[in-house]
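Chemist: Got a sequence here, can you build the structure:
(chains A and B)
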Amino acid sequence: KNQVEQSPQSLIILEGKNCTLQCNYTVSPFSNLRWYKQDTGRGPVSLTIMTFSENTKSNGRYTATLDADTKQSSLHITASQLSDSASYICVVLPRRFGNEKLTFGTGTRLTIIP
Amino acid sequence: GAGVSQTPSNKVTEKGKYVELRCDPISGHTALYWYRQSLGQGPEFLIYFQGTGAADDSGLPNDRFFAVRPEGSVSTLKIQRTERGDSAMYLCASSLRPRGTDTQYFGPGTRLTVL
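Modeler: Got it, this is the predicted structure:
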């Protein structure tokens, strides 16, 4: 069973609308949680990094939230743009490990239509 | 360079052949990671270098896979006797240090297709 599960698997929304992507994880204890954006055929690009003590982190129109008690994170995208079409991957790092132990989710495929 | 670069961007080979995939990390980054990503999946860890040495190669699927980083900068992932199941996107990433608080920067990947 994957230790990081994301939902929905795919999502289609109209340009300009908001959306929220979900991430549930079982990795415990954990050091930090990251959201990456991956365009088709490209490598992932970091959007946010939150430690276990942080509740929210913003990067422009992207806002990530974290509830360490329920082991859930969300990524909220406001005023979506066509360039937001990509896969969004949730990644969790167990505590006391370095980057080599990152656990990746399978991603949510987001499509923005005009 | 400004970011992590990988060559080639695409590689098509025949079953049984040998391939080499190259990664050029961000200058000064001591940690380098190789991942494999299948369609619709997240990246899967293969191997991690701290400097010149492979600090963790537990993700390599079998002994057909090998990676080197002889001078602590450029790394090469080598696959012998390729199989159709090796077809995937191979991603390289680097970070300033291997610490969990350091951001990993990914390259654009090499798309490997084994016919």
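
Chemist: what's the weakest-modelled helix or strand in chain A?
Modeler: One helix or strand of chain A scores below all others by mean pLDDT, DSSP states H and E: strand A:103-104, with a mean of 90.

Chemist: Kindly report the residues of chain A close to chain B.
Modeler: Residues of chain A lying near chain B by Cβ under 8 Å from any Cβ of the partner chain: A:4, A:31-32, A:41-46, A:49, A:51, A:89, A:91, A:93, A:97-102, A:104-107, A:109. (Each C-beta comes from the backbone N, C-alpha and C, glycine too.)

Chemist: Give me the residues contacting stretch B:76-85.
Modeler: Outside stretch B:76-85, the residues that touch it by Cβ atoms under 8 Å, 6 or more residues apart in numbering or on different chains are B:13-23, B:34, B:46-47, B:64-69, B:86, B:90, B:92, B:112, B:114-115.

Chemist: where do the strands sit along chain B?
Modeler: Under the criterion DSSP state E, strands of chain B are mapped to B:5-7, B:10-13, B:19-24, B:31-37, B:44-50, B:53-56, B:65-68, B:75-79, B:88-95, B:105-106, B:110-114.

Chemist: mean pLDDT for these: which is lowest?
Modeler: Looking at these, the lowest mean pLDDT belongs to strand B:53-56 (a mean of 84).

Chemist: What strands line up against it, and which way round?
Modeler: strand B:44-50 (antiparallel) (DSSP bridges).

Chemist: If you count neighbours, what's buried in the partner strand?
Modeler: By neighbour count on 16 or more other Cβ atoms under 10 Å in any protein chain shown, the buried set for strand B:44-50 is B:45-50.

Chemist: Rebuild these as TSV, extending it with distance to A:Thr56.
Modeler: As requested, the buried residues of strand B:44-50 are arranged in TSV below (distance: Cβ to Cβ, whole Å):
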residue	distance to A:Thr56
B:Phe45	28
B:Leu46	33
B:Ile47	34
B:Tyr48	30
B:Phe49	34
B:Gln50	33
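
Chemist: Please give the number of neighbouring residues around A:Thr78.
Modeler: 14 (other Cβ atoms under 10 Å in any protein chain shown).

Chemist: ok, it to A:Ile112 distance?
Modeler: Separation of A:Thr78 from A:Ile112 (Cβ to Cβ, to the nearest Å): 12 Å.

Chemist: mind listing the strands in chain A by residue range?
Modeler: Using DSSP E, strands in chain A cover A:4-7, A:10-14, A:19-25, A:30-38, A:45-51, A:56-59, A:62-67, A:72-77, A:86-94, A:103-104, A:108-113.

Chemist: Go ahead and measure how far the last one is from the middle of the chain.
Modeler: Strand A:108-113 has its average C-alpha position 13 Å from the chain's average C-alpha position, going by Cα atoms, centre = their mean, to the nearest Å.

Chemist: and that strand with strand A:30-38, angle?
Modeler: 40 degrees (axes from the mean of the first three to the mean of the last three Cα atoms, to 10 degrees).
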